[in-house]
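*Asks:* model this:
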Amino acid sequence: MTVESSKIDIKDLSRQQLAEWLQEQGQRPFRTDQVLRWVYLRQTDHFEEMTNLGKPLRAALAAAYVNPRLQVEKEAFSKDGSRKLLFRLHDGRHIETVLIPEKEHFTLCISSQVGCRQGCRFCMTAKGGWVRNLSAGEIVSQVRDVKRQVDAKGDMPLSNIVFMGMGEPLDNYTNVIQALEAITDGDWGLKFSSRRVTVSTAGIVPAMADLGRETQVNLAVSLNATEDDTRSRLMPVNRRYPIADLVDACRRYPLPPRRKITFEYILMKGVNDSLGDARRLAKLLRPVRAKINLIPFNEHPGSEYLRPDPERIVQFQETLADHHYTAIVRHSKGQDIGAACGQLRAKLKMDEG
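*Replies:* Below is the predicted model:
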């Protein structure tokens, strides 16, 4: 719902909710997908442009709903081609979205909450605390809006979506699931392949099983330690769902054929980067169909953690390779624009303060 009016953002409706409203208007069922195709496939902002709908229906839609774009508050462009957008929401809050160029496509990193309540000590977003969940419409709007821009430019397609921006997606489960439907639906939605959509979690164990049952998207787990003391210190969620429970949930996760769970491991100097950590990690993940992303810590002003030496990063990777794991070192892009989650939002708050 917007501040300017009492009208509802039509993107906040699930397909079922829209179908029920249209039925109340005396409309036939096929109208539901017609409306949704205008919103998502044709990227139409105004109901009067939905020309295969009768004028009375277009008027009824305009009287009940709005279809706004997110407001771009700031943009930052990196020398590596990454682009960070700071979106201003209807209530004045801000979220960050990052467009990342790959070899032949773009990946979009999107947010699911304003802030985050998980309190991970290495995360800039966590320092600002949790404010609120994003609505389904606010989540999917990040994809819809950026896709329109990318398609208009025509250089490379936007094909990959990762829920790795601000917030814990599984802490906003209902809205994330609804947004995923609009993002991945192949008939009326944005038509992203579920194989190219990844939801990352800090380890909300009960919701992980639900995600596996209700979607076919990829799962990524932010692990970052191999024993409970260190992980609980880094990630308070571990006190509720310790490593053994998390790994067991991953073992039982209903993976589609030939898929693996991605484990994200942020390497921090002197904290979790020893070769003993690497060997424990290899043993820990043995029951799981796993691949590992090693992410050298992206240092930022005021951070208490450091990036490991390059030699140690290579040694850690080689140890995992010796244990037959696919372990890729993911170097952060956009470091010159503060592309780590929460940095641009935090800078805005500092500037305003």
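*Asks:* residue ranges for the strands of the chain, please.
*Replies:* 8-9, 65-66, 71-77, 83-88, 94-101, 106-109, 113-115, 130-133, 158-163, 197-201, 218-222, 261-267, 290-296, 327-329 (DSSP state E).
*Asks:* residue 280: which of the ones you listed is closest?
*Replies:* With Cβ to Cβ as the criterion, residue 280 lies closest to strand 261-267 of those, at 11.3 Å. The C-beta positions use only the backbone N, C-alpha and C, and glycine is treated the same way.
*Asks:* same question for the closest one, mean pLDDT?
*Replies:* Taken as a whole, strand 261-267 carries a mean pLDDT of 98.
*Asks:* pairing partners for that strand, with directions?
*Replies:* Applying DSSP bridges, strand 261-267 is found paired with strand 218-222 (parallel), strand 290-296 (parallel).
*Asks:* how about the longest helix along the chain as CSV, C-alpha atoms only?
*Replies:* As assigned by DSSP state H, the longest helix anywhere in the chain is helix 136-153. What follows is helix 136-153, C-alpha atoms only, in CSV (Å, rounded to 0.1, in the frame of the first residue of the first chain):
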residue,chain,number,x,y,z
ALA,A,136,6.1,-9.5,-2.2
GLY,A,137,5.7,-6.5,-4.5
GLU,A,138,8.7,-4.7,-3.2
ILE,A,139,10.8,-7.9,-3.7
VAL,A,140,9.7,-8.6,-7.2
SER,A,141,9.8,-4.9,-8.2
GLN,A,142,13.6,-5.0,-7.8
VAL,A,143,13.7,-7.7,-10.5
ARG,A,144,11.0,-6.2,-12.7
ASP,A,145,12.5,-2.7,-12.7
VAL,A,146,16.1,-3.7,-13.3
LYS,A,147,15.1,-6.3,-16.0
ARG,A,148,13.3,-3.5,-17.9
GLN,A,149,16.5,-1.4,-17.9
VAL,A,150,18.7,-4.3,-18.9
ASP,A,151,16.4,-5.4,-21.7
ALA,A,152,16.2,-1.9,-23.0
LYS,A,153,20.0,-1.6,-23.2
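*Asks:* give me the beta-bridge partners of the spatially most central residue of the chain?
*Replies:* With distances taken as Cα atoms, centre = their mean, the chain has residue 163 as the residue nearest its mean C-alpha position (1.2 Å). With DSSP bridges as the criterion, residue 163 is bridged to residue 199.
*Asks:* state the pLDDT value of it.
*Replies:* Residue 163 is assigned 98 on the pLDDT scale.
*Asks:* show me what contacts residue 167?
*Replies:* Residues counted as contacts of residue 167 (Cβ atoms under 8 Å, 6 or more residues apart in numbering) are 111-116, 125, 133-134.
*Asks:* how about 10 Å then?
*Replies:* 95, 110-118, 125, 130-134, 139, 176, 341-342 (Cβ atoms under 10 Å, 6 or more residues apart in numbering).
*Asks:* for ChimeraX, what selects the buried ones among those residues?
*Replies:* The buried residues among these can be selected in ChimeraX (16 or more other Cβ atoms under 10 Å) with this line:
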select :95,110,111,112,113,114,115,116,118,125,130,131,133,134,139,176,341,342
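*Asks:* what's the neighbour count on residue 288?
*Replies:* A count of nearby residues for residue 288, using other Cβ atoms under 10 Å, gives 19.
*Asks:* got the strands paired with strand 261-267 as TSV, with distance to residue 88 and mean pLDDT columns?
*Replies:* Compiled in TSV, these are given as follows (distance: least, Cβ to Cβ, whole Å; pLDDT from 0 to 100):
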stretch	distance to residue 88	mean pLDDT
strand 218-222	27	98
strand 290-296	29	97
